[in-house]
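**Q** Compute the structure for the input listed below.
(one chain, ligands or ions: 2)
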Amino acid sequence: MAVTTTLTWNGERSFQKLLGNVSLRLLYKSSVHGENTVEMQNRCCCQGPIVTVIYHSNNIFGIFMRGHSSEKSKSFIEPNDSFFFSLQKNETVEMKTVVLNSTVTISYNTSEFNISSYDKQYLVLNFSTKCICIARDLEQELRVKCNPMFSSLECEVFRVEGIKDEAGYINRITRATQHRNRLLADVRAYSPYADLVSEIRILLLGPVGSGKSSFFNSVKSIFQGHLTRQAIVGSDVTSITEQYRIYSIKDGKNGQSLPFMLCDSMGLDEEEGVGLCVDDIPHILKGCVPDRYEFSPQKPITPKHPTFITSPSLKDRIHCVAYVFDINSMDNLSPKMMAKLKQIQKEVINCGVAQVALLTKVNNCNEVLQDNFLNMNKAMISQSQIQNVNKILGIPLSRILVVENYASGREMDPLKDILILSALKQMFRAVDDFLEDLLLE
Ligand SMILES: Nc1nc2c(ncn2[C@@H]2O[C@H](COP(=O)(O)OP(=O)(O)O)[C@@H](O)[C@H]2O)c(=O)[nH]1
Ligand SMILES: [Mg+2]
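**A** Ligands and ions are numbered 1, 2, ... in the order given. Next up, the predicted model:
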């Protein structure tokens, strides 16, 4: 009896889009061949690249493994060329992928392993209860929503035939890493226009929770090569950051300081007397506010303050303001917040400082970067949020940057790095324009 797959033609098409013109040959189907690991192993072992597709409630997701599954690897999948995917149903079928960064555990029975000991990426199928157990981060990233009620559970494994390296996803990821490394080299090699200063200062300004402190942490993580959390981040409604911080970043652990500093400030609040005080802003921009200054929302700094910098030089001042917003809240900024932003922008324009907007929390970072890295801004321009920033603050589209900070994940990701490093590069360009203009003056 021929075993038929549950995968639709559109589903198969999205694999072809991703991996090149491949065909999928069904090796195993749980409802036909038996719902256990041994059966699956017997049928799928040493078959070359395989894809495991899980159908649970309304979700279709799974894992692509390039290396063949061996006897030894049983339910463990090694990183490097494997990835998770989920098929998002829309007009066609869209595939969302998450690169595997650590060893993943896929198991057929909860009793086979202890979840707490695999705190990274795991996936457990329990056929007797029709439940799946999936790592939270993974669930969120794949946008899988499993309803334990009314669940059905089916698992299919396919051999992927005709896979070509050049056309596929794996190649794209490799290209991403190369592109990331080039950007990294560019950022390292940056030197401010006409060597007017040795380090430029970028001020992060924006509502509470927009991701300012996380952006600094993310940039630092890239240069450290692993995730760091120097700045405290939070999900409180009031600002977690109360001190003004001027962060210099080292290239590697004991490396040289990079040619830029990120200045992290208290978050903006729509209410008067809460959050960063608008009257503090001109002083920050001019470089009068020292590192670690404690903000007080009702009392702006004055020249009488003991640590007030009375005659700041060009190196002390802010060379670029980055207005930071959560991209998802861009469409519903309150009128009060907008008014405050306008007020602040007036101060920034008065000081003649360069301006960019930085939109955080884009969760489709691999879509943004899909085919051509150079076109990533173009791909975003049609989005209403970007148009909105352009409208509210009058910032040109090329100066509206999108990033996904390192917030919840535990591993570095070249795609996130590309967006973050590209954002830095655009900030440098904005600063150079500002410095050039200054010199002409
Ligand atoms: N998913 C996601 N979460 C983020 C991102 N940036 C920041 N966050 C989260 O948003 C919350 C506020 O971030 P934080 O950096 O403290 O914002 P700040 O008040 O502007 O400094 C924290 O829970 C962060 O983990 C991002 O790019 N993506
Ligand atoms: Mg903060």
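
**Q** Spell out whether stretch 404-417 and ligand 1 are in contact.
**A** Yes: judged by CB under 6 Å from any ligand atom, stretch 404-417 comes into contact with ligand 1 through E404, N405, A407, S408. (Each C-beta comes from the backbone N, C-alpha and C, glycine too.)

**Q** burial measure for the second one, as a count.
**A** One way to gauge burial is a neighbour count; for N405, by other CB atoms under 10 Å, it gives 25.

**Q** Kindly report the same for the last one.
**A** Burial of S408, expressed as a neighbour count using other CB under 10 Å, amounts to 9.

**Q** Could you report the neighbour count for the closest residue to it other than its chain neighbours?
**A** For S408, ignoring the flanking residues on the chain, the nearest one in space by CB to CB, 6 or more residues apart in numbering is D137 at 5.8 Å. D137: 16 surrounding residues under other CB under 10 Å.

**Q** next one: K391
**A** With other CB under 10 Å as criterion, K391 counts 10.

**Q** thinking Q224 is in contact with G252, fair?
**A** Yes: assessed by CB atoms under 8 Å, Q224 is found in contact with G252 at 7.2 Å.

**Q** thought F428 was touching E199?
**A** No: the criterion here is CB under 8 Å, and F428 misses it with E199 at 11.5 Å.

**Q** show me what contacts the residue in the stretch 51-200 of the chain that ligand 2 sits nearest to?
**A** Nearest residue of the stretch 51-200 of the chain to ligand 2, counting by CB to the ion: I200, 20.7 Å away. When contacts are counted by CB atoms under 8 Å, 6 or more residues apart in numbering, I200 touches P192, P259, F260, M261, H319, C320, F428, V431.

**Q** Now it. Its backbone dihedrals?
**A** phi -90, psi 160 (degrees, to the nearest 10).

**Q** For the longest helix anywhere in the chain, buried residues please.
**A** As assigned by DSSP state H, the longest helix anywhere in the chain is helix 414-440. By 16 or more other CB atoms under 10 Å, the buried positions in helix 414-440 come out as 414-424, 426-432, 434-435.

**Q** do stretch 139-154 as well
**A** Buried, per 16+ other CB under 10 Å, within stretch 139-154: E139, E141, L142, V144, C146, L153, E154.

**Q** Check stretch 326-337 too.
**A** Result for stretch 326-337 [16+ other CB under 10 Å]: buried residues D326, I327, S329, M330, L333, M337.

**Q** do stretch 270-289 and ligand 2 meet at all?
**A** No: judged by CB under 5 Å from the ion, stretch 270-289 stays clear of ligand 2, getting no closer than 10.5 Å.

**Q** Averaged pLDDT, that stretch. What do you get?
**A** Here stretch 270-289 scores 94 as its mean pLDDT.

**Q** What about N350, how many residues nearby?
**A** N350, neighbours per other CB under 10 Å, totals 11.

**Q** Please apply the same query to P290.
**A** P290 has 16 nearby residues by other CB under 10 Å.

**Q** roughly how far apart are the residue nearest to it when sequence neighbours are not counted and E161?
**A** Distances taken as CB to CB, 6+ apart place T307 nearest to P290, at 4.6 Å, with adjacent residues excluded. Per CB to CB, to the nearest Å, T307 is found 68 Å from E161.

**Q** Then G352?
**A** For G352 relative to E161 (CB to CB), the value is 61 Å.
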